[in-house]
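> Okay, structure incoming, though there's no sequence with it:
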DNA sequence: GACCAGGGTCATTAACCCTG
DNA sequence: CAGGGTTAATGACCCTGGTC
């Protein structure tokens, strides 16, 4: 049965089901959320299953976008409409959108860093002022240590590396004090009235932990050594020991003047300024 | 502190999608 | 085929977070 278009006086054909003439059908569809959703799904489907089409679309948009006259026109439109104000209003300071942007970039930049070590990486960067590249090496070393531990736990036998701490002991025994670490170690022995064995021992008495903290601080600051390296020099296999020495050492240094001056003495030795110490 | 990349805003462009 | 919607990238700008 023929009817009249809902939007104009146009007589409709006998098979018309929409109730709209050809001219107004598009407008009616555009106002129908269901139709729009269906249409949208169709476009997305095309893009999803036709990579060539998608690439075509992108290429075209790029081409148009990079045309100087189009760019100038868009800039003008944007400036005139002050559209950035809308963009900024939509994501105020501290908004979820901005945080999301921050998280996204963090995720991309820290993708190399195992999630459980990221806090430690940031601590090295911020509190310890370790340059990014160096902090990354330290974290990667730590990760490698953890992986090695895990490999051992499942029975995988690794090639043995020479023990750095053993090398240090050998140098002490032969009296060849070429290493700044050995000078600093000697200074720590004097400054804290302990023995080398005490420093290298497993004991956790405060009197023995202090020289380790002082040595760690000096190695970090003056030798730019990694925490793994510091730990190995002080007979520890895990670099987290060094991190703890550094953390606690800094705190104590701020509060305890006596400890601070002992650290300075060890630092002098490291830097070869042994004149004051020998006296 | 400077620099970079990403996220948010809307308009613009051409080609394609969908429906009857 | 008509007609509006959708897609892509891009423009300016600010803020966030990482890096130097």
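Received, thanks. Small disclaimer: the values here were computed from a predicted structure and weren't measured. Numbers count the residues shown, from 1 in each chain, chains lettered A, B, ... in the order given.
> mind listing what the residue in the stretch 151-279 of chain A that DNA strand B sits nearest to touches?
With CB to the nearest atom of the strand, the shortest gap between the stretch 151-279 of chain A and DNA strand B falls at residue A:224, namely 20.0 Å. Quick note: C-beta positions are derived from backbone N, CA and C, even for glycine. Listed by CB atoms under 8 Å, 6 or more residues apart in numbering, the contact set of residue A:224 reads residue A:134.
> mind checking pLDDT for it?
Per-residue pLDDT puts residue A:224 at 74.
> What pLDDT is listed against residue A:275?
Residue A:275 carries a pLDDT score of 44 in this model.
> Check residue A:260 too.
We have a pLDDT of 90 for residue A:260.
> Domain parsing of chain A, as residue ranges.
Using automatic domain parsing, the domain parsing of chain A gives A:22-81, A:101-160, A:164-278.
> tell me the contacts of the residue most central in space within chain A?
The centroid of chain A falls nearest to residue A:110 when counting by CA atoms, centre = their mean (3.5 Å). With contact set as CB under 8 Å, 6+ apart, residue A:110 has these partners: A:118, A:121.
> That one and residue A:116, how far apart?
Using CB to CB, to the nearest Å, one obtains 12 Å as the distance from residue A:110 to residue A:116.
> Could you do residue A:255 as well?
Here the criterion is CB to CB. By it, residue A:255 lies 31 Å from residue A:116.
> Next one: the longest helix seen in chain A, is it in contact with DNA strand C?
Secondary structure of chain A per DSSP state H: the longest helix is helix A:132-153. Yes. Between helix A:132-153 and DNA strand C, judged by CB under 7 Å from any atom of the strand, the touching residues are A:132-133.
> the helices in the stretch 1-150 of chain A, which residues?
A:22-30, A:33-49, A:51-66, A:68-81, A:83-89, A:96-109, A:118-126, A:132-153 (DSSP state H, counting those that start in this stretch).
> Just read off the phi/psi values of the residue of the stretch 151-279 of chain A closest to DNA strand B.
Main-chain torsions, residue A:224, degrees, to the nearest 10: phi 50, psi 30.
> Any stretches of the stretch 101-250 of chain A with poor pLDDT?
A:158-173, A:175-178 (pLDDT under 70).
> Give me every residue in it that's in contact range of DNA strand C.
Counting by CB under 7 Å from any atom of the strand, the stretch 101-250 of chain A comes close to DNA strand C at A:101-103, A:105-106, A:109-110, A:122, A:125, A:131-133.
> Which members of those are classed as buried?
Buried members of those, counted by 16 or more other CB atoms under 10 Å: residue A:110.
> want to throw the residues of the stretch 101-250 of chain A next to DNA strand C into TSV with distance to residue A:262?
Below are these laid out as TSV (distance: CB to CB, whole Å):
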residue	distance to residue A:262
A:101	47
A:102	42
A:103	43
A:105	43
A:106	39
A:109	39
A:110	37
A:122	30
A:125	28
A:131	28
A:132	31
A:133	32
